[in-house]
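In: Please find the sequence and the predicted model below.
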Amino acid sequence: MLTATLMALGAACFHAGWNLAVKRNTDSGLALWGQFFIAMIIAGGALVAWWLLFERPEFAWQYTLLSGITHVPYTILLVRAYNTGDFSVSYPIARGGGAVGAAVLGVLVLDDVLSPLTAAGVAIAAVGFFLLSRGSLRQTRFALATALIIGVYTMVDATGVRESTDPAAYALSIFVSTGIGVSMWTFATRRGEALAALRTQWKQFSFAAIGALGSYCLVLLAMRQAPVGYVAVLRESSVLIAAFAGWKLLGEVDHRRRIGGAAVVLIGLVALVAGG
């Protein structure tokens, strides 16, 4: 259990870390594209090696395609959220709201039934979002929209993993489809700038890509050693890490309310997962 705990906390740090790198970049849009582009190459290479060394990986490719398409508006909205709002507000709302959105969409679309504890978790998280967004709709509108998209692709990926013979292959395929989808959008709108940024910032993009891949892989490994709910809750501790990072590394103000709001969101997510 200790190993799984460290892996889940490491995944939280990785996830908050690559998002922080995107926020701190002077051009968040190109930073996010560069990360997904490098991750696409790494994940694609891993899938090819899997096929050549063992056998063809079997995964639900139709959900992979849908996930890749969904990540295009996610990328656009996340960049808008970081460009218009503070990291200590945008990240916890987008990340925590995505988990809550997935639970609500599960009820509306998949006929899931929420337990009383899960419903309480959604309500508690909503209080946290209110604390984070109080007095600044401009800072939160894109983060809330991002949360909705995260909820959608979370449902898609949850279904894709369940339908895949090789869940790890499906996880890798997501990075490939996302890289392709985001690259198509970026090349259609900013091809010259993107290629120039890749030449000058490939190291930064690579570190962020490794962080994204590392976060996903650590979560998968942790779930092999501990209950899924336990890992999911620890993984979502990234909302607190982001709140602290915004205060300490970016000099964002009103840190007490924001850290408190992020903590309330995390408590809500704990209840949500426990009730599931």
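Out: Yep, it's here. Owing to the predicted nature of the structure, the values given are computational and were not obtained by experimental measurement.
In: Show me the helices in the stretch 1-150 of the chain, by range?
Out: 2-24, 28-53, 61-84, 87-110, 116-133, 137-163 (DSSP state H, counting those that start in this stretch).
In: Can I get the fourth one in PDB, CA atoms only?
Out: Extracted in PDB, the C-alpha atoms of helix 87-110 (Å, rounded to 0.1, in the frame of the first residue of the first chain):
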ATOM      1  CA  PHE A  87      -3.500  28.800 -11.800                       C
ATOM      2  CA  SER A  88      -4.700  28.400  -8.100                       C
ATOM      3  CA  VAL A  89      -8.300  29.000  -9.300                       C
ATOM      4  CA  SER A  90      -8.400  27.500 -12.800                       C
ATOM      5  CA  TYR A  91      -6.700  24.200 -12.200                       C
ATOM      6  CA  PRO A  92      -8.700  23.100  -9.100                       C
ATOM      7  CA  ILE A  93     -12.000  24.000 -10.800                       C
ATOM      8  CA  ALA A  94     -11.100  22.300 -14.100                       C
ATOM      9  CA  ARG A  95      -9.700  19.200 -12.500                       C
ATOM     10  CA  GLY A  96     -12.100  18.800  -9.600                       C
ATOM     11  CA  GLY A  97     -15.000  19.900 -11.800                       C
ATOM     12  CA  GLY A  98     -14.100  17.300 -14.300                       C
ATOM     13  CA  ALA A  99     -14.500  14.500 -11.700                       C
ATOM     14  CA  VAL A 100     -17.800  16.000 -10.600                       C
ATOM     15  CA  GLY A 101     -19.000  16.400 -14.200                       C
ATOM     16  CA  ALA A 102     -18.200  12.800 -15.000                       C
ATOM     17  CA  ALA A 103     -20.400  11.700 -12.100                       C
ATOM     18  CA  VAL A 104     -23.300  13.900 -13.100                       C
ATOM     19  CA  LEU A 105     -23.000  13.000 -16.800                       C
ATOM     20  CA  GLY A 106     -23.000   9.300 -15.700                       C
ATOM     21  CA  VAL A 107     -26.400   9.900 -14.200                       C
ATOM     22  CA  LEU A 108     -27.800  11.800 -17.200                       C
ATOM     23  CA  VAL A 109     -26.300   9.700 -20.000                       C
ATOM     24  CA  LEU A 110     -25.400   6.300 -18.600                       C
END
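In: Which helix or strand lies directly C-terminal to the helix or strand of the chain with the lowest mean pLDDT?
Out: In the chain, no helix or strand scores lower on mean pLDDT, DSSP states H and E than helix 228-235, which sits at a mean of 67. Using DSSP states H and E, the helix or strand that follows helix 228-235 in sequence is helix 238-248.
In: So which elements touch whichever helix or strand comes after that following helix?
Out: Going down the chain from helix 238-248, the next helix or strand is helix 255-275, by DSSP H and E. If you count contacts as 3 or more CB pairs under 8 Å, 6 or more residues apart in numbering; DSSP states H and E, helix 255-275 packs onto helix 87-110, helix 116-133, helix 228-235, helix 238-248. Glycine gets a C-beta too; all of them are placed from N, C-alpha and C.
In: Output those as JSON lines; include the columns mean neighbour count and distance to residue 12.
Out: Shown next, in JSON lines, are those (neighbours: other CB atoms under 10 Å; distance: least, CB to CB, whole Å):
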{"stretch": "helix 87-110", "mean neighbour count": "23", "distance to residue 12": "10"}
{"stretch": "helix 116-133", "mean neighbour count": "19", "distance to residue 12": "17"}
{"stretch": "helix 228-235", "mean neighbour count": "20", "distance to residue 12": "5"}
{"stretch": "helix 238-248", "mean neighbour count": "22", "distance to residue 12": "4"}
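In: Sweet, I'm off.
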